[in-house]
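Novice: okay, here's the prediction I keep looking at, along with the sequence it came from:
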Amino acid sequence: MGQIWAHVKAEFPDNPILAINMLHTPFASQLRLFRAAKVVVAVHGGGLGNALWLGPGQTLLELLPPDPGPPLAMFYQITHQVGAKYKGLWLDSSYSFATGGHLQPARLLVMLREALQGTFRCGDNAR
């Protein structure tokens, strides 16, 4: 993920970009971070339960595993209910939760640009 964040920081130098491991972040801080973020980018997992704290004007970009098994609509449903926008971005087929994987930075940069400019269309997941 380090290379991807380098691309993101270079593309959006005027936007504060944080990379946070929620495992080591106190709950109250997680809540504040999600409430303050314009865009949250995160790999599918339990930490995205914090999407409950999003609201109108905020966007969740969920990085989805290539073969998710059962439908992964829960975070879409949460963002819809709280008034935030949602888009799922499928990771490349080499991805696994155990070893990580690949995401083409250009795909993420397009979505981030749209979310930050307010031209983001939520709905279908992007492959």
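Specialist: Looks like it came in fine. Residues are numbered from 1 along each chain as shown.

Novice: quick one: residue 18 is in a strand?
Specialist: No. Counting by DSSP: H, G, I helix; E, B strand; the rest coil, residue 18 is not part of a strand but coil.

Novice: what's the nearest residue to it if we skip its chain neighbours?
Specialist: Nearest residue to residue 18, sequence neighbours excluded (C-beta to C-beta, 6 or more residues apart in numbering): residue 33, at 7.3 Å. To be clear about C-beta, it is placed using only N, CA and C from the backbone, and glycine gets the same treatment.

Novice: residue closest to the middle of the chain?
Specialist: residue 41 (2.2 Å; C-alpha atoms, centre = their mean).

Novice: which element, helix or strand, includes it?
Specialist: For residue 41, the host element (DSSP states H and E) is strand 39-43.

Novice: what about residue 91, distance to residue 16?
Specialist: Separation of residue 91 from residue 16 (C-beta to C-beta, to the nearest Å): 25 Å.

Novice: the longest helix in this structure is where?
Specialist: Looking across the chain with DSSP state H, the single longest helix is helix 105-117.
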